[in-house]
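# sequence and predicted model, in that order:
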Amino acid sequence: MHPLDHLEELRMRIIYALSAWVLFSLGGLIFSGKILEILTRPVPKLVMLTPAEAFLVHLKIALIAGAALAAPFALHQLLLFVLPALRPQERKGIVWVIPMAFILFFSGAAFANFVLLPFAIRFFLSYTTDKIEEMISLSNYVGFVLSFLVGGGIVFEMPLLMMGLGKFGVVNSKLLRRYRKEAILGILIATALLSPSPDVFSWSLLSASMYGLFELSIWLVRLVEKKTAGTVVD
């Protein structure tokens, strides 16, 4: 194709992706109230500091929800543009890595919202006193929650990150297995700090989830080593 034809195709792919974002955002605006209700469950009450604050929060939620829902479609458009230039082996890698990245990210966001967030809010609000009364702004709270969810999604991408490091030889499965005990101790300490709650079940659930990600990382690194060497790694 002529370079101008490539640019025209890229422009059309971008237009399709943006159109999907707009359509999903309009749908997200319909359900933004329900989403906001889910996000605000951990707190008893929120306040508005400006007349338009609630509307802007609903709009923000709709745009973010629309972006999340449109992301697979936008990525599909990107792949249609990029795949013809890739080799067959590279295409296979992208086809399974990208869906896994989405699954891990949304799993992490859901885990952060339904498991971690209630304990985090309870912990932060425990520092209020008779002279310090909580009066949380709606927009500030939603911004905090969305950042929290994005952080949870990024943490759950750890297996893919370790797989990438393994592909470039930075880490290997033997090294990860060798430091398994240290990793378990680090996970237990980190989860104890992240979930300051006497609820042993929740702490155990968080620890088990993080350890599961570590073991998945080892498995993916072994898979990369197997693909690279062409032999099964012990």
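That came through, no problem. Nothing here was measured: the structure is a model prediction, and the numbers come from that model.

# what's around residue 169, how many residues?
The criterion is other CB atoms under 10 Å. On that basis, residue 169 has 10 neighbouring residues. Where you see a C-beta, it was placed from the backbone N, CA and C, and this is true even at glycine.

# all helices of the protein, in order?
Secondary structure of the chain by DSSP state H: the helices cover 3-39, 53-82, 88-111, 117-125, 138-155, 158-167, 173-178, 180-194, 200-229.

# want to throw these into TSV with mean pLDDT, distance to residue 132 and mean neighbour count?
Output for those, formatted as TSV (pLDDT from 0 to 100; distance: least, CB to CB, whole Å; neighbours: other CB atoms under 10 Å):
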stretch	mean pLDDT	distance to residue 132	mean neighbour count
helix 3-39	88	24	14
helix 53-82	87	23	17
helix 88-111	77	30	14
helix 117-125	80	10	16
helix 138-155	87	16	18
helix 158-167	81	36	18
helix 173-178	87	45	15
helix 180-194	81	23	14
helix 200-229	80	26	16
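
# let me have those in CSV, extended by distance to residue 131.
Listed next are those as CSV, based on distance: least, CB to CB, whole Å:
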stretch, distance to residue 131
helix 3-39, 29
helix 53-82, 26
helix 88-111, 35
helix 117-125, 15
helix 138-155, 21
helix 158-167, 41
helix 173-178, 49
helix 180-194, 27
helix 200-229, 30
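
# so which of those is nearest residue 45?
Residue 45 lies closest, by CB to CB, to one member of the helices of the chain: helix 138-155, at 10.1 Å.

# distance between the closest one and the chain's centre?
From the chain centre to the centre of helix 138-155 is a distance of 10 Å (CA atoms, centre = their mean, to the nearest Å).

# distance of the closest residue to residue 97 other than its chain neighbours relative to residue 103?
Closest residue to residue 97 apart from its sequence neighbours, by CB to CB, 6 or more residues apart in numbering: residue 160 at 6.7 Å. Separation of residue 160 from residue 103 (CB to CB, to the nearest Å): 10 Å.

# residues in contact with the most centrally placed residue in the chain?
With distances taken as CA atoms, centre = their mean, residue 153 lies nearest the centre of the chain, 1.8 Å away. For residue 153, the contacting residues are 104, 105, 106, 108, 109, 112, by CB atoms under 8 Å, 6 or more residues apart in numbering.

# which residues are in contact with the third one?
Right, residue 106. Residues counted as contacts of residue 106 (CB under 8 Å, 6+ apart) are 68, 153.

# these two touch, right, residue 203 and residue 189?
No. Using CB atoms under 8 Å as the test, residue 203 is too far from residue 189 to be in contact (11.3 Å).

# what's the spacing between the residue lying closest to residue 36 once chain neighbours are set aside and residue 29?
For residue 36, ignoring the flanking residues on the chain, the nearest one in space by CB to CB, 6+ apart is residue 61 at 6.0 Å. Counting by CB to CB, the separation of residue 61 from residue 29 is 8 Å.

# mind giving me the domain split of this structure?
1-156, 157-234 (automatic domain parsing).

# run the chain-centre distance for the shortest one.
When you say that, I think you mean domain 157-234. 17 Å.

# just stretch 16-25 next, same as before
Per CA atoms, centre = their mean, the centroid offset for stretch 16-25 relative to its chain is 21 Å.
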